[in-house]
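**Q** Here's my sequence, what's the structure:
(chains A and B)
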Amino acid sequence: MTVIATVAPLPSNPLHRNRDAPINFLNVAKNLLQNSHLQAEGLHARLLKAGFLSFTSICNTLVHRYSDSGQISHARQVFDEIPQRNHVSWTSLISGNSRLGNSEDALETFLRMLDHGFHPNQFAFGSVLRSCSVSGYLEFGEQLHGLIMKMGFFCNVFVNSGLISTYSRNGRFDTALEILERMEKDVFSWTVMIIGFSNGRKPFEAITTFARMLKEGMMASEFALTSFFKACAYMEGLREGSQAHCYAIKTGLEDVMSVRASLIDFYVKSGDIHNARLIYDRSSPYDVVMCTAMIGAYAHNGNTKQAIEMLHEMIREFDISPNEFTFASLISSAAENGDVGLGTILHAFALKAGYSAITHVEGALIDMYAKGGNIEDAFTVFNNMETKDNVSCSSLLSGLSSNGYDQEALEFFSDLHNSSVKPDPFAVASAMTSCAKLSDQLVGKQIHSQIIKSGLESDTCIASSMIDMYAKSGTIEDAQSVFENLSAKDRIAWTAIIDGYAQHGQGRKALELFGEMIEAGINPNEVTFVSVLNACSHSQLIEEGIWLFGLMKSEYRIEPLIEHYACVVDLLGRAGRLEEGLEFINAMPMQPTTLIWRLFLGACRNHNNLNLGIQASKFLLELDPEDDAAYVLLANIYAFNDQWGNALETRNIMKLRNVRKVPGLSWVLVQNSYHVFGAGDTCHPQKELIYKKLYEVMSNVKKAGYVPVTEFALHDVNESEKERLLVHHSEKLAVAFGLIGSVEGSPIRVFKNLRICGDCHAAIKLISLVYRRTIIVRDVSRFHHFSEGACSCGEYW
DNA sequence: ATAGGGTTAG
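**A** Next up is the predicted model:
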């Protein structure tokens, strides 16, 4: 509703041209507003001078102009001085705030408008919904939804699109889709849904929706296409993306720069850097966006060198300056390579160019420093951030974890709840991984309950981290139930559960699941094969393992990595096929690493092969003279063979080189806290009770047939002293305390930082029989489930 | 339009 008013012209009115013709001054003023090249301030001054600010519609347009140029406080001032505000005035201010990202002000203005008795129209709803969408005010959005239904806007395409955006951006895809299904659909509403799916990491749904849109005879816009390519990039959908590329060429949309930039991104992420480069080469003259897209392509394709070369070319030859996107890309590339040197240079460059305080750049810097092991500098960047966001927090979380500060990571995570940054799925998954690494099921369960409350159970990343946490902390049943409840099981979830069973020594079950995974059409990757091969080696499935090792290359075209060779060495080594293992090592297409020799040496120790053990330790110490396992295992082999002189000499060399043995420690979970023990430990406040229990236990198992395996007391002392040393091993102390502190019949969970000792293994089997308890010991390489006098490992470890 | 983070193994 436009107010048409004719007023007497002011004598000095510069707009006044013809006294005779009736002039619609308002239209003239509006024309001026729309076509003028004047800044908003200039216009404001002229309109004020000409006396036009008493007209509501003129003021409304001025509000619009001010907010368009980002001067929201001026817009607000004009709005405040409008003598007679109408609903357009309110809507202009709401949409201004919304477009400038002042979501809270937009919401607040909307509420004030209602208080003043104005009914929102489709534009007011559209604007305020956009704010709800981007700022996560889902609950407010739901209330608006109610109001919209009540006011009869449920058929309005514009308003419905806003609702779809609000719901899909905040994880409520089902509701968003329901609205779309019910409404009269136009290109815009389809596109909003596609964008929602694409940004919400639901690529399949995005692609299906796109196909449906075309089927209904709509033409895709450049916005629908860019989102489509984003979805294809995420799922490496080379086929779907290429088809849409043809569509883009046919419709001429390929000429649109935004489409090209997203095409480059899609081809790169699908592994086709060649096509990406072709599109780039046809895009001259270049701008910063195109160059950055291509730099990002190289940066995330492991080709940092080429990315840096392009940066030079862009600056020197095209005279284009990098922007914050360019820096973020390059710094994250340095992060992927753990190249703190390059990262630091880029940091300095970004600082000089004035981009180092941009949130994305800071996020990349934190990740770069943390991944490179420089957690202090990561913290410096983090602490200097003006506004810390989700990404910087989760970068820091995963950085703490990868540097071994898992306890600190969990404290940081818990502090987040009292801060303005709410943990998102990335942060939650990271924290869960810290729990997994610490085998801390107590904190893991607490976070699990938060996950249930926030409805994030079906997030595949979170679910995978939970499967891992439950498996690593000893309850494979819980891992299984998380896995079963997951509707969309991806490769990582399958791999996590397979690995869980592998660690628990249930190799057959792991292979069964591997078969189901293949049947479900999920392709294994190199990680899956590490887990599958581990499952074989822990469960004496030697021929199966060797067969799978071959299958990896022949069927799945995965070139075995050193990790896979290590699995086979372990497989043969555990089986005692040491000669064969050594042949296998010598036939490897790459140089054996410390990992390979350490595994082989461990096998020599287990199967008591002195000669091969000496050889293996020689190779291992050549590669790493500080490898404590090399000395300890060799000394143990000597000791086991009664070569006490050599054993002593090995230990002396170790001492001389200042290499320290990692002390063996065992933890036991008693009444919701972890209690730690070393060998012969007397630090526990209940030590008298614990030792009394320990001696009682040992005397009872002796009656049941336990004979101390004194070969495992690797010191040159007499038999009774050896027995005394064995009794005080940390895992026995932990089990004794577990028996005191837990409810009769409940399982006892022990964790050890080294491999379980053979004598303790024998003793705990009988403890499980005599005391009718399930005892679960997780050592450094796997789980042992003791029950009824037997262990799940079947003596095969 | 181009940008920063998370999940499985070792």
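
**Q** Now do the closest residue to DNA strand B within chain A against A:I295, distance only.
**A** Closest residue of chain A to DNA strand B, CB to the nearest atom of the strand: A:G363 (2.1 Å). In this view, the C-beta of every residue, glycine as well, is placed from N, C-alpha and C. Counting by CB to CB, to the nearest Å, the separation of A:G363 from A:I295 is 18 Å.

**Q** same check, this time on A:L541
**A** The spacing between A:L541 and A:I295, counted by CB to CB, is 47 Å.

**Q** So for these two, which residue has more residues nearby?
**A** Counting neighbours by other CB atoms under 10 Å for A:L541 and for A:I295 shows that A:I295 has the greater number, 25 against 21.

**Q** what sits against that one?
**A** A:307, A:310-311, A:314, A:326, A:329-330 (CB atoms under 8 Å, 6 or more residues apart in numbering).

**Q** which intervals of the stretch 1-150 of chain A have sub-threshold pLDDT?
**A** Within the stretch 1-150 of chain A, the stretches with pLDDT under 70 are A:1-38.

**Q** Which stretches in it count as strands?
**A** Along the stretch 1-150 of chain A, counting by DSSP state E, counting those that start in this stretch, no stretch forms strands.

**Q** Provide a list of residues in contact with A:A124.
**A** A:87, A:90-91, A:94-95, A:110, A:113.

**Q** any idea which of the residues you listed is closest to A:C683?
**A** A:C683 has its nearest neighbour among these in A:F110, at 62.4 Å by CB to CB.

**Q** Could you verify my assumption that that closest one touches A:T91?
**A** No: using CB atoms under 8 Å, A:F110 is not in contact with A:T91, being 9.2 Å away.

**Q** Quickly list what's touching both of those two.
**A** Contact criterion CB under 8 Å, 6+ apart; residues shared by A:F110 and A:T91: A:120, A:124, A:127.

**Q** list the contacts for A:E731?
**A** Counted by CB under 8 Å, 6+ apart, A:E731 has contacts A:666, A:750, A:752, A:756-757, A:760, A:764, A:777.

**Q** How about A:G500?
**A** Counted by CB under 8 Å, 6+ apart, A:G500 has contacts A:467-468, A:470-472, A:476, A:479-480.

**Q** Intersect those residues with the contacts of DNA strand B.
**A** Counting by CB under 7 Å from any atom of the strand, A:D468 from these sit close to DNA strand B.

**Q** nearest to A:L396, of the contacts of A:G500?
**A** For those, the minimum distance to A:L396 (CB to CB) is 20.8 Å, reached by A:D468.

**Q** which residues sit against the one helix or strand that closest one maps to?
**A** According to DSSP states H and E, A:D468 maps onto helix A:460-472. Contacts to helix A:460-472, defined as CB under 8 Å, 6+ apart, come from residues A:425-426, A:428-430, A:432-433, A:435-437, A:439, A:441, A:444, A:448, A:451, A:456-457, A:476, A:478-479, A:482-483, A:486, A:488-490, A:492-493, A:496-497, A:499-501, A:503-504, A:778.

**Q** Helices - which of these land there?
**A** Among those, DSSP state H puts A:425-426, A:428-430, A:432-433, A:435-437, A:441, A:444, A:448, A:451, A:476, A:478-479, A:482-483, A:492-493, A:496-497, A:499-501, A:503 in helices.

**Q** Can you select the buried ones among those for me in ChimeraX?
**A** ChimeraX command restricting those to the buried ones, with burial defined by 16 or more other CB atoms under 10 Å:
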select /A:425,426,428,429,430,432,433,435,436,437,441,444,448,451,476,478,479,482,483,492,493,496,497,499,500,501,503
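
**Q** follow-up on the earlier one: tell me which of the contacts of A:E731 fall in helices.
**A** The helices, defined by DSSP H, take in A:760, A:764 from the contacts of A:E731.

**Q** Format the shared contacts of A:F110 and A:T91 as TSV; extra columns: distance to DNA strand B.
**A** Below are these laid out as TSV (distance: CB to the nearest atom of the strand, whole Å):
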residue	distance to DNA strand B
A:P120	26
A:A124	23
A:S127	18
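
**Q** Looking at those residues, which are in helices?
**A** Those of these lying in helices (DSSP H): A:124, A:127.

**Q** Show the low-confidence segments of chain A, by residue range.
**A** Ranges of chain A meeting pLDDT under 70: A:1-38, A:714, A:797.

**Q** for it, which helix is longest?
**A** When chain A is scanned for its longest helix (criterion: DSSP H), the result is helix A:687-703.

**Q** so A:V709 sits right up against A:C760, yeah?
**A** No: if you go by CB under 8 Å, A:V709 and A:C760 don't touch, sitting 9.2 Å apart.

**Q** Neighbour count for those two, which is higher?
**A** More crowded of A:V709 and A:C760, by other CB under 10 Å: A:C760, with 26 against 17.

**Q** so what's that one up against?
**A** By CB under 8 Å, 6+ apart, the residues touching A:C760 are A:726, A:729, A:731-732.

**Q** May I ask which of the residues you listed has the most neighbours?
**A** Greatest neighbour count in these, by other CB under 10 Å, goes to A:E731: 29 neighbours.

**Q** Report the angle between the one helix or strand that residue maps to and helix A:687-703.
**A** For A:E731, the host element (DSSP H and E) is helix A:730-741. Angle of helix A:730-741 versus helix A:687-703, following axes from the mean of the first three to the mean of the last three CA atoms, to 10 degrees, is 100 degrees.
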